[in-house]
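Enquirer: Generate a structure from the sequence data that follows.
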Amino acid sequence: MNPGTLVIRADASIAIGTGHVMRCLALAQAWQDSGGEVILATAELTPAAARRLHEEGMEIARLQSRSATGSDAHEFAALAQERRATWVVVDGYQFNAAYQRSIKDAGLRQLLVDDTGLCRPYCVDVVLNQNAYASEDMYSSRDPATKLLLGPHYALLRKEFVSWRKWQRRFAPAARNVLITMGGSDPQNFTARVINAVQALDLNALKITVVIGGSNTLTDSPHKFESQCAEKIQLEVDVRNMAELMADADLAISAAGTTCYELALLQVPMVLVAQAENQVPTARALANAGAAIDAGCFHNFDQQHFGSLVRTLILDCELRCSLAHNARCLVDGLGAHRVLQFLLSNDAARSERLSRLQVGVC
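Expert: Numbers count the residues shown, from 1 in each chain. Model (predicted):
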């Protein structure tokens, strides 16, 4: 059955990053693979994110309203109604209870992708929180009809990662390949501080690959960044082979955002740094699950302590094996498919109820 049209509301900028748009892209890919059409409605979008969406065959609708305002909600709802949306997806910390209510009052079925549990009271049809710390207690203030999809079982991973789900990692006695990835934008240029810390370890055998997101301002002048890198450091900008780079890495140093769940699927032992307060719970939850090392928040970054954590992981094969195994147990790559099936099964149930009502009337 053709799922019809999915309309997504998400933004991407240097300040807020690209994670909201990129995880919605995973659900969009699954929707398209089922024969449906996808439209992204956005008030802010980085050029790199726009290029990626166009490559995926997604339509982009630019909203004229200021993000998350009442006029934004009305403009978005009108677009979804005009395009006869089967479902709408809203992803972003700024979309509060009033925004949700406006969409609901427009008669649209709504999935809210959430991380915080703070946009209460929740009145949407479905809340998706893919994080390791997600719990029902976070959503005690919600409509009785609101369904919850919680935990990494529903992690939204794009197709380029899902194709690696049966791959098995081999572990070297000592790590040689280190991957550094601090998100799509990295506005504080924390990448440079991480590079300095790793280079200070003075481990000559290391090969360091640094990924700079397409929405990072350094992509306009990469030579400024390259001047900070030793010859043994490989710089990759706005890559399309991130899964391959993860597979090649013996360990990763990453921001504690959506990339964590991609690393988990690829069984990459990881050291996580929270670049913002909203990433702190992810780093802590994955560390508590034995799936990552939590290096704390960048506000309290201590280069010597951080370097010690990285050195330990480089030299301790048993620890790397344990972290990778525990992380892979959390994420199997089928999250987007599960969310899609949940939405479509609700469509089927609704259609069946309507058919029964029509038979009864006849």
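
Enquirer: Not counting residues beside it along the chain, what's closest to Glu136?
Expert: Leaving aside its sequence neighbours, Glu136 sits nearest to Leu148 (C-beta to C-beta, 6 or more residues apart in numbering; 6.2 Å). C-beta here means a position set from N, CA and C on the backbone, and glycine is covered the same way.

Enquirer: same thing with Pro173?
Expert: Excluding the flanking residues, the one nearest Pro173 by C-beta to C-beta, 6+ apart is Cys317, at 5.2 Å.

Enquirer: same thing with Thr191?
Expert: Per C-beta to C-beta, 6+ apart, closest to Thr191 is Met182, 4.6 Å.

Enquirer: helix or strand right after the worst-scoring helix or strand of the chain on mean pLDDT?
Expert: One helix or strand of the chain scores below all others by mean pLDDT, DSSP states H and E: helix 222-226, with a mean of 51. If you walk from helix 222-226 toward the C-terminus, the next helix or strand you reach (DSSP states H and E) is strand 233-237.

Enquirer: Could you check the helix or strand harbouring the residue nearest to Glu136 and say which residues are buried?
Expert: In the assignment (DSSP H and E), Leu148 maps to strand 147-150. Burial within strand 147-150, assessed by neighbour count using 16 or more other C-beta atoms under 10 Å, is assigned to 148-150.

Enquirer: Next: stretch 186-198.
Expert: Under 16+ other C-beta under 10 Å, the buried positions of stretch 186-198 are 186-187, 190-195, 197-198.

Enquirer: now do stretch 168-185
Expert: Buried positions in stretch 168-185, judged by neighbour count with 16+ other C-beta under 10 Å: 169, 175, 177-185.

Enquirer: Let's see it as PDB, backbone CA atoms only.
Expert: What follows is stretch 168-185 as a C-alpha-only set of coordinates in PDB (Å, rounded to 0.1, in the frame of the first residue of the first chain):
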ATOM      1  CA  GLN A 168      31.200  -7.800  12.300                       C
ATOM      2  CA  ARG A 169      34.200  -5.800  13.700                       C
ATOM      3  CA  ARG A 170      37.600  -7.200  14.400                       C
ATOM      4  CA  PHE A 171      39.600  -5.700  17.200                       C
ATOM      5  CA  ALA A 172      43.300  -5.000  17.100                       C
ATOM      6  CA  PRO A 173      45.400  -5.400  20.300                       C
ATOM      7  CA  ALA A 174      46.100  -1.700  20.100                       C
ATOM      8  CA  ALA A 175      44.000   0.800  18.300                       C
ATOM      9  CA  ARG A 176      45.600   2.500  15.300                       C
ATOM     10  CA  ASN A 177      42.800   4.300  13.500                       C
ATOM     11  CA  VAL A 178      41.100   7.100  15.400                       C
ATOM     12  CA  LEU A 179      38.000   8.900  14.000                       C
ATOM     13  CA  ILE A 180      37.100  12.300  15.300                       C
ATOM     14  CA  THR A 181      33.600  13.600  14.400                       C
ATOM     15  CA  MET A 182      32.000  16.500  16.300                       C
ATOM     16  CA  GLY A 183      28.800  16.900  14.400                       C
ATOM     17  CA  GLY A 184      27.500  18.600  11.400                       C
ATOM     18  CA  SER A 185      28.300  22.200  12.400                       C
END
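
Enquirer: For it, what does the pLDDT average out to?
Expert: The average pLDDT within stretch 168-185 is 91.

Enquirer: What pLDDT does the model give Cys362?
Expert: For Cys362, the pLDDT comes out at 29.

Enquirer: Domains in this structure, by residue range?
Expert: Following automatic domain parsing, one finds the domains of the chain at 5-157+333-361, 161-330.

Enquirer: per-stretch mean pLDDT over those, give me the minimum one.
Expert: Among the domains of the chain, domain 161-330 carries the lowest mean pLDDT, a mean of 89.

Enquirer: Report the distance from that domain to the chain centre.
Expert: The chain centre lies 15 Å from the centre of domain 161-330; the measure is C-alpha atoms, centre = their mean, to the nearest Å.

Enquirer: Ends of that domain, what's the gap?
Expert: 15 Å (C-alpha to C-alpha, to the nearest Å).

Enquirer: which residues does Gln110 contact?
Expert: 87-90, 100, 103-104, 124-126 (C-beta atoms under 8 Å, 6 or more residues apart in numbering).

Enquirer: Please name the residues that touch the residue lying closest to it once chain neighbours are set aside.
Expert: Using C-beta to C-beta, 6+ apart and skipping residues adjacent in sequence, the residue nearest Gln110 is Val124, 4.4 Å away. Val124 is in contact with 90, 100, 103-104, 110-112, 146, counting by C-beta under 8 Å, 6+ apart.
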